[in-house]
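Engineer: dropping a prediction and its sequence here:
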Amino acid sequence: MARPCVLLKYGELMLKGRNRGRFEDHLREALQHAMDGASAPVRISQRPGVVVLSGAPLDELVERAHRVIGVNVVQPAFRAGHSVDDTVATVSQALQERFGSPEQSGARRFAVRARRRDKTFPMGSDRLAAHVGSKVVEEWGWPVDLTNPEVEITIEVDHREVFVSLEKQRGQGGLPVGASGRALVLLSGGYDSPVAAYRAMRRGLRCDFVHFTGAPLTGPSSTYKAYALVRELDRFQGDSRLHVIPIGNAQRALATAGAGDLQIIAQRRLMVHTADALARDLGAQALVVGDSLGQVSSQTLANMATVEQAASLPLLRPLVAWDKDEIIAEARRIGTAEISKLPDEDCCSLLSPPRVATRTTPTQLEGVERRMELDELVPKLLADVQVHVPGAA
């Protein structure tokens, strides 16, 4: 009997030239994290252009492989011996496990696609595909359809074995986490920032998280929610850290300092300024926020520019051109939507003015921030940071 395994294919990594080895190292780390805790030891075998997973039950390998950013194709397969006869027998086994018997399956249009990575194999790709196809016609009575098959049998001849598969599933895609550097995500409890974090991870950024809570003016509900969101996102990278910073008193001080209709923008600048200092302490190279242009009054182009100037690091906005429906759909796909819709006490709405200024400039905020003694306030806020490791729970 041929043994089950999972083949992983990657897309963008193939284009990385001399840097490809570094990207593959990050992918290997991500795979090891995804396979930790499996019901049986998982063997990860690197081949040219493909990674082979084996050891644990097939369904479990597939489910864990789907978590790994940097993998374009997740392909359940069987590994056969390195011969034509073994290949034919494995195709028959795969079809039987999927469809039962020719009588049960009915007539299905099929095609065989063969590829040789080992050019010493006794049959060329086209000849092997034709040979296997003739055996399927003989045993199953199915018609051949090379244009629009219902069943596509894929055969990949490696140097020591042959892989046979009947399906290819779409993986997460993107670049392996960590391959592009490190970033700090400003995480709220809504739909946007968790999706922005995921999109940043998908471009190769390893993310830490900072959540600003309205404590002591609000309860702990937003912190619990941020913890749950980071725990969900941790499936894609591992070893995530959540930094929680209470800014309720600072928000009240902004209002007392006369922020007025600038209150929301002043709060956002305070968060970005504080996150910027924290990111530099953590060795992060950028900040990530969930802004979508024009989605709310604080995210006009002018306000976004005003907030951005509070940071010394690049401020990345992966969702700047996304609309709300697109963001919610992606949140559902990655598993954060059910958490994001839970109620909480959002610090951003705390002390919110009746009208939010939509065309601000940094100059308008200078007086308020000077009265706040911002440069002295930020170290005080960082001194109260609490660090959580949701993925370790």
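Structural biologist: Yep, it's here.
Engineer: please report how far the nearest residue to Leu186 once chain neighbours are set aside lies from Ala259.
Structural biologist: Once flanking residues are discounted, Leu186 sits nearest to Val289: 5.0 Å by Cβ to Cβ, 6 or more residues apart in numbering. To be clear about C-beta, it is placed using only N, CA and C from the backbone, and glycine gets the same treatment. Val289 is 20 Å from Ala259, where distance means Cβ to Cβ, to the nearest Å.
Engineer: with Ser134 instead?
Structural biologist: Counting by Cβ to Cβ - Ser134 and Ala259 are separated by 78 Å.
Engineer: re the thing from before, quick one, which of Val289 and Ala259 is more surrounded?
Structural biologist: Set side by side, Val289 and Ala259 give different neighbour counts by other Cβ atoms under 10 Å, the larger being at Val289 (29 against 24).
Engineer: who does Arg3 bridge with?
Structural biologist: Arg3 has the following beta-bridge partners by DSSP bridges: Arg79.
Engineer: again with the one 4 residues further on
Structural biologist: Legend: beta-bridge partners of Leu7 under DSSP bridges are Val52, Gln75.
Engineer: that one and Val162 touch, don't they?
Structural biologist: No. The criterion here is Cβ atoms under 8 Å, and Leu7 misses it with Val162 at 11.8 Å.
Engineer: so the two - more neighbours on which side?
Structural biologist: Neighbour totals were compared for Leu7 and Val162, and Val162 leads with 26 against 22 (other Cβ under 10 Å).
Engineer: spit out the contact partners of the more buried one.
Structural biologist: Neighbouring residues of Val162 by Cβ atoms under 8 Å, 6 or more residues apart in numbering: 79-83, 86-87, 90, 155-156.
Engineer: quick one: the strands in the stretch 51-200 of the chain?
Structural biologist: Ranges of strands in the stretch 51-200 of the chain, per DSSP state E, counting those that start in this stretch, are 73-80, 110-116, 151-157, 162-165, 169-170, 181-186.
Engineer: isn't Trp142 up against Val136?
Structural biologist: Yes. The criterion here is Cβ under 8 Å, and Trp142 meets it with Val136 at 6.1 Å.
Engineer: any common contacting residues for the two?
Structural biologist: With Cβ under 8 Å, 6+ apart, Trp142 and Val136 have common neighbours Phe110.
Engineer: that older thread, correct me if wrong: the residue nearest to Leu186 contacts Pro314.
Structural biologist: No. Between Val289 and Pro314 there is no contact under Cβ under 8 Å: 11.2 Å.
Engineer: among the strands of the stretch 51-200 of the chain, which is nearest Leu53?
Structural biologist: Among these, strand 73-80 comes nearest to Leu53, with 9.3 Å by Cβ to Cβ.
Engineer: so where is the stretch 101-250 of the chain shaky, pLDDT-wise?
Structural biologist: For the stretch 101-250 of the chain, no stretch has pLDDT under 70.
Engineer: would you map the helices across it?
Structural biologist: 102-105, 125-140, 192-202, 221-233, 248-256 (DSSP state H, counting those that start in this stretch).
Engineer: buried stuff in stretch 138-158?
Structural biologist: Within stretch 138-158, the residues scored as buried using 16 or more other Cβ atoms under 10 Å are 140, 142, 149, 151-158.
Engineer: make TSV from those residues and add distance to Val210 to it.
Structural biologist: Formatted as TSV, the buried residues of stretch 138-158 follow (distance: Cβ to Cβ, whole Å):
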residue	distance to Val210
Trp140	58
Trp142	57
Pro149	50
Val151	50
Glu152	46
Ile153	50
Thr154	45
Ile155	50
Glu156	45
Val157	50
Asp158	46
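Engineer: any idea which of the residues you listed is closest to Gly204?
Structural biologist: Glu156 (27.3 Å).
Engineer: excluding chain neighbours, what is closest to the closest one?
Structural biologist: With sequence-adjacent residues excluded and distances taken as Cβ to Cβ, 6+ apart, Glu156 is closest to Phe163, at 4.4 Å.
Engineer: any chance you could map the strands in the stretch 201-350 of the chain?
Structural biologist: 205-213, 242-246, 286-288, 315-316.
Engineer: need these in a markdown table with distance to Val296 and mean neighbour count, can you?
Structural biologist: Listed next are these as a markdown table, based on distance: least, Cβ to Cβ, whole Å; neighbours: other Cβ atoms under 10 Å:
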| stretch | distance to Val296 | mean neighbour count |
| --- | --- | --- |
| strand 205-213 | 17 | 25 |
| strand 242-246 | 22 | 22 |
| strand 286-288 | 18 | 25 |
| strand 315-316 | 17 | 20 |
